[in-house]
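J.: how would this look folded up:
(chains A and B)
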Amino acid sequence: MRQSRLFAPTLKESPADAEIASHRLLVRGGFLRRVASGIYDFLPLGVRVLRKIEGIIREEMNREGAQEVVLPILQPRELWEESGRWSRYGDEMMRLKDRAGRDFGLGPTHEEMITALVRDNISSYRDLPLNLYQIGAKFRDEVRPRFGLLRAREFIMKDAYSFDRDEEGMRESYRAMYRAYSRIFDRCGVRWMAVEADTGLIGGDVSHEFMVLAGVGEDRVAYCEGCGYAANINLAEFRREPLSGPERPLEKVSTPGQKTVEEVSGFLGVEPRHLIKCLMYLVEGKPVAVLVPGDREAGEVKLERVLGTSEFRLFHQGDWDNFPQYVQGFVGPVGLDGVDVLADLSLRGARGMVCGSNEEDHHLVGVEVGRDFQPNRFLDLALARDGDPCPRCEGVLRVAAGIEVGQIFQLGLKYSLSMGCTYTDEKGEERPVHMGCYGIGVTRLMAAIVEQHHDERGIRWPLEVAPAHVHLVPLNYEKEERRKAAEDLYRQLLEEGLEVLLDDREESAGVKFADSDLFGIPYRLVLGRVYEESGKVELQVRSTGERAVISPEEAAGQVRQALGRIGA
RNA sequence: CGGGGUGUAGCGCAGCUUGGUUAGCGCGCAUGCUUUGGGAGCAUGAGGUCGGCGGUUCGAAUCCGCCCACCCCGACCA
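T.: The predicted model follows:
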């Protein structure tokens, strides 16, 4: 690759709309340009990185026996009606009509397409198991696209779907994908973590998310360094320790105008955790009380799981008006009749607590759970926090921000039942196929790699996903002998099988180095003064800043060696 | 959807409060000369529907209205 002909316009300054490092540096380095909100052009260098990542994914998917297919982006409404998601998917699906007025959606995911393909073309247990995957564009009309490639409206995704005869087969397919994903993220050079996850709109029972730890991540994960327990914060468990405030007799006290946890705890001189926060939810039109300690948040994903419906919300102002028996700011579980009361596990047996009295301007103190009121159920409802005890061992949970780069699901029979994807077993009986699905956000992964590998000057690509292995940077390129030496070395390196970018521009050293830093190619060979004096080149390692003056042959050898270590 | 902000040359910005000649600066670009180990210097030059539409006015980048786009926070989504 000759830089003089390479379309990689670099920028000295960050574009005004780029906030985070990956977005800024990918644009400045000439990898990426914005077209519209959440929609991007990939320039040649960006495409090279994408193809590297895709190559790794293909190898590892194929290694586990998955087969590549290409499914349409443009998808007819009828198939989405079969799964029931044409209406349920909502505004996040981009929709359009053809000239005859027929409805189509731009695929936000491909369960419908793949299930239809497989059900129409398999019939026997002999056809299973089957694992099909594709790498291609997905469209999601995000409420708020942001952070460059991390939350885009059009993005590239690898999605795979497994089809098995039974549950055990499905679990084995799931394990295979877990292994493949582990190798993929290792090879992409990111520090990652697999966490237990919610299944959301996709559905199913068991799921893991693959998180790349990074400050800009929109997800939070809780993990234990002791036993390896790790889960999305939305459903992370934690061990409850006995919770009791100062012992005192049950008593109603005046708390005029004190409504929030902060107000009440300050007014009464009680720690927030010794308050019982009583949250009123409207669940499918009916009120439900949710109790958590005053210093904790209720997790809505946890709530969704125990309620078995996503049709619930915290009381709005209008709900308080419709249910005047609940006194806003003073609701409490004692004497709260005719409503389901769900309490977080931490409240079991708690004494000396403070809660609302269901009477304006009054709270109860000295409340004992079980004596003064009995919740319908004790459940895991509160969100874990950094420092909470691990649910599985004596360790402590840490909470960190992460970027979700992949998620795998055991779908079970969800789509095969609704779409009639069945096979005939050995006994001639018709059975539904057990499915799994497995996604990797390829473009998001590219951004996540940059988030973990950059400095203030530019990107530092891990060798295996870098746009090239070596950046050959001759200075004083206008000098005939320098040009000739560079061309010779360029040819040598290519013959070694290396991917080389030659900076054959007559630019100043400063310009060349600045662009080189932005590109982030792992190895830089500088042909300059040192070469003139000794015939040697300077090898610079982008990730560590190491420099060594060595002969051109040695330099090529070192890069080859590094490539050998990663098996490339 | 709510709140905040921005829109002026390829990029980054000033000018707008208080309307008034050819709308500025830096970078980039072109040409020439001099430079060449960390984004060189000098000279010359090209490049603008000032986001759009409408209004006020003798006169609008500037004031008013509507619309559009983009960014941030939140809600939503997962």
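J.: Need the pLDDT of A:Ala562.
T.: pLDDT, A:Ala562: 90.
J.: which residues does the closest residue to it other than its chain neighbours contact?
T.: Leaving aside its sequence neighbours, A:Ala562 sits nearest to A:Leu463 (C-beta to C-beta, 6 or more residues apart in numbering; 6.0 Å). The C-beta positions use only the backbone N, C-alpha and C, and glycine is treated the same way. A:Leu463 is in contact with A:Gly189, A:His469, A:Pro522, A:Ala562, A:Leu563, A:Ile566, A:Ala568, counting by C-beta atoms under 8 Å, 6 or more residues apart in numbering.
J.: Residues touching stretch A:308-323, excluding its own?
T.: With contacts defined as C-beta under 8 Å, 6+ apart, stretch A:308-323 is touched by A:Leu279, A:Met280, A:Tyr281, A:Leu282, A:Val283, A:Glu284, A:Pro287, A:Val288, A:Leu303, A:Glu304, A:Tyr326, A:Gln328.
J.: What about the residues you listed, which are in helices?
T.: When DSSP state H is applied, those are split such that A:Leu303, A:Glu304 fall in helices.
J.: Is it possible to get TSV of the contacts of stretch A:308-323 that adds distance to A:Trp86, neighbour count and pLDDT?
T.: Below are these laid out as TSV (distance: C-beta to C-beta, whole Å; neighbours: other C-beta atoms under 10 Å; pLDDT from 0 to 100):
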residue	distance to A:Trp86	neighbour count	pLDDT
A:Leu279	34	17	92
A:Met280	34	18	91
A:Tyr281	29	20	90
A:Leu282	27	18	88
A:Val283	26	17	88
A:Glu284	22	9	85
A:Pro287	32	19	90
A:Val288	30	18	92
A:Leu303	27	21	89
A:Glu304	22	17	86
A:Tyr326	38	21	90
A:Gln328	39	16	87
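J.: Now, the contacts of stretch A:308-323 that are in strands?
T.: A:Leu279, A:Met280, A:Tyr281, A:Leu282, A:Val283, A:Pro287, A:Val288 (DSSP state E).
J.: now the fourth one: how far from A:Ala298?
T.: What it means is A:Leu282. Noted for A:Leu282: a distance of 14 Å to A:Ala298, by C-beta to C-beta, to the nearest Å.
J.: just the second one next, same as before
T.: Per C-beta to C-beta, A:Met280 is found 11 Å from A:Ala298.
J.: so what are the domain limits for chain A?
T.: Per automatic domain parsing, the structural domains of chain A span A:17-192+A:411-451, A:251-379, A:468-565.
J.: The shortest one and RNA strand B, any residue contact?
T.: Looking back up the chat, that one is domain A:468-565. Yes: Domain A:468-565 is in contact with RNA strand B by C-beta under 7 Å from any atom of the strand, via A:475-476, A:478, A:506-511, A:513-518, A:526-531, A:538, A:540.
J.: Please pick the buried ones from the residues you listed.
T.: Buried members of those, scored by 16 or more other C-beta atoms under 10 Å, are A:475-476, A:507, A:513-518, A:526-528, A:531, A:538, A:540.
J.: Return the closest of the residues you listed with respect to A:Met93.
T.: Nearest to A:Met93 among those: A:Leu518, at 36.9 Å, using C-beta to C-beta.
J.: List the contacts of the strand or helix carrying the closest one.
T.: Using DSSP states H and E, A:Leu518 falls within helix A:509-519. For helix A:509-519, contacts defined as C-beta under 8 Å, 6+ apart pick out A:3, A:8, A:10, A:12, A:25, A:28-30, A:45, A:457-459, A:467, A:471, A:473, A:475, A:501, A:503, A:505, A:524, A:528, A:542.
J.: Follow the chain on from that helix and name the next helix or strand.
T.: Later in the chain than helix A:509-519, the nearest helix or strand by DSSP H and E is strand A:523-527.
J.: Just the C-alpha atoms of that following strand, please, in PDB.
T.: Output in PDB follows, covering the C-alpha atoms of strand A:523-527 (Å, rounded to 0.1, in the frame of the first residue of the first chain):
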ATOM      1  CA  TYR A 523       5.300  -1.500  13.900                       C
ATOM      2  CA  ARG A 524       7.000   1.600  12.400                       C
ATOM      3  CA  LEU A 525      10.200   1.400  10.500                       C
ATOM      4  CA  VAL A 526      11.900   4.800  10.100                       C
ATOM      5  CA  LEU A 527      14.400   5.300   7.300                       C
END
